[in-house]
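Chemist: Need a 3D model of the following:
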Amino acid sequence: IAIAESRKQFSPKTGELHLIGIGPGDISYMTADAKNALSRSVIWIGYSLYLDLVDSLRRNDQVRIDGKLTLEKERCLEALDLASQGMRVALISSGDVGIYGMASLALQVLLDKPEFARPKLFVHPGLSAMQLAAAKAGAPLGNDFCTISLSDRLTPWQDIQKRILGAAQGDFVIAFYNPKSEERNWQLEEAVNLLLKYRSKDTPVLLARQLGRFEESINTYELKDLPFNDVDMLTIVIVGNSKSKLRDGWLLTPRGYLD
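Modeler: Modelled structure (predicted):
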C-alpha cells in the first residue's frame with residue numbers, strides 16, 4: 001500500500017457549490033431557497049458590495065472571501081477549488097445568478113473538469129433587478145420583452161447592435177442592463193438612436209436606480225428626453241413598446257386581452 005500526503009484535501013463528491021442570486025438589494029427580496037443555501041454554506045465568495053448586502057445573515061462560523069468586480073473567473077475557480085476539497089461553498093451574485101450573473105461562467109468552469117473531480121452543483125435563482133423595477137413602476141413587462149446588456153466588454157458591439165435592431169423591429173419591450181459606466185459612456189445614447197428608427201419619440205422609458213437600497217429612485221421619461229447623465233451601472237433602463245403607456249403615474253404595457 002502506497003501512502004502519500006496531499007498538499008490539500010480532495011473530496012469533490014462530498015463538496016457542494018451553490019450558485020446563489022441574492023436579489024437586487026434589500027434582503028427582504030431574497031428567496032427562502034437562497035437564504036437556506038447561504039445558511040448551509042461554510043464559505044461565501046462574491047464581489048464585496050454584494051457580500052455587504054447579505055452580511056447580516058452570516059454567522060461567525062462562516063468564512064467570507066471578498067473579490068473584485070472584474071475578476072469573475074478567478075472567483076469561480078476559487079469557489080470550485082474549495083468545493084472540490086469537500087466544502088460547501090456559496091458563490092454569490094446580485095439579482096438572479098443566471099441573468100448576467102455567475103451561473104454560466106461557473107458552470108462552464110465546472111464542466112471543464114473531469115466528471116470525477118466535479119463537486120455537486122446547485123443553482124438558486126433570485127429576483128432580477130428588471131422584475132423589481134417593473135413592479136415598482138406598474139406593469140411594463142406585460143407583453144413580450146427581452147433583456148440586452150450594453151456592456152461590450154465580453155460581447156462585440158456589432159452583436160449588441162444587431163440585437164437592439166432586432167428587438168426594435170420586433171416591437172419588444174427592452175430592459176437594458178449595464179447601460180453606462182465611466183469608461184463606456186456612449187453605448188446607451190447609440191442604442192436610443194437605433195431605437196428611434198422604429199419607435200416614436202414619446203415612447204415611455206423607465207429609469208430605476210439603486211433598486212432595493214436607500215438611494216432607490218424610480219423615474220419615467222419619454223425616449224426623446226432620456227437624461228443620459230442620470231444613468232450609471234446601478235441603473236436599469238426599461239424601454240416600452242408601441243403599446244406601452246404612462247397613465248396616472250403607472251407604466252403599463254397591455255397584455256392584449258382588451259384589444
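
Chemist: And the strands in the stretch 151-259 of the chain?
Modeler: Per DSSP state E, counting those that start in this stretch, the stretch 151-259 of the chain carries strands over the ranges 173-177, 204-209, 217-222, 235-239, 245-247, 250-252.

Chemist: Dump these into CSV; add distance to residue 34 and mean pLDDT as well.
Modeler: In this view, the C-beta of every residue, glycine as well, is placed from N, C-alpha and C. Shown next, in CSV, are the strands of the stretch 151-259 of the chain (distance: least, Cβ to Cβ, whole Å; pLDDT from 0 to 100):
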stretch, distance to residue 34, mean pLDDT
strand 173-177, 20, 98
strand 204-209, 21, 97
strand 217-222, 24, 96
strand 235-239, 20, 97
strand 245-247, 33, 94
strand 250-252, 28, 96
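
Chemist: so which of these is the most packed in?
Modeler: strand 235-239 (a mean of 25; mean count of other Cβ atoms under 10 Å).

Chemist: That one: partners in the sheet, and parallel or antiparallel?
Modeler: strand 173-177 (antiparallel), strand 204-209 (antiparallel) (DSSP bridges).

Chemist: Is it possible to get CSV of these that adds distance to residue 9?
Modeler: Formatted as CSV, these follow (distance: least, Cβ to Cβ, whole Å):
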stretch, distance to residue 9
strand 173-177, 38
strand 204-209, 44
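
Chemist: hang on, the earlier thing: output the strands of the stretch 151-259 of the chain in TSV; the columns should cover distance to residue 198.
Modeler: What follows is those, written out as TSV (distance: least, Cβ to Cβ, whole Å):
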stretch	distance to residue 198
strand 173-177	11
strand 204-209	15
strand 217-222	15
strand 235-239	11
strand 245-247	17
strand 250-252	19
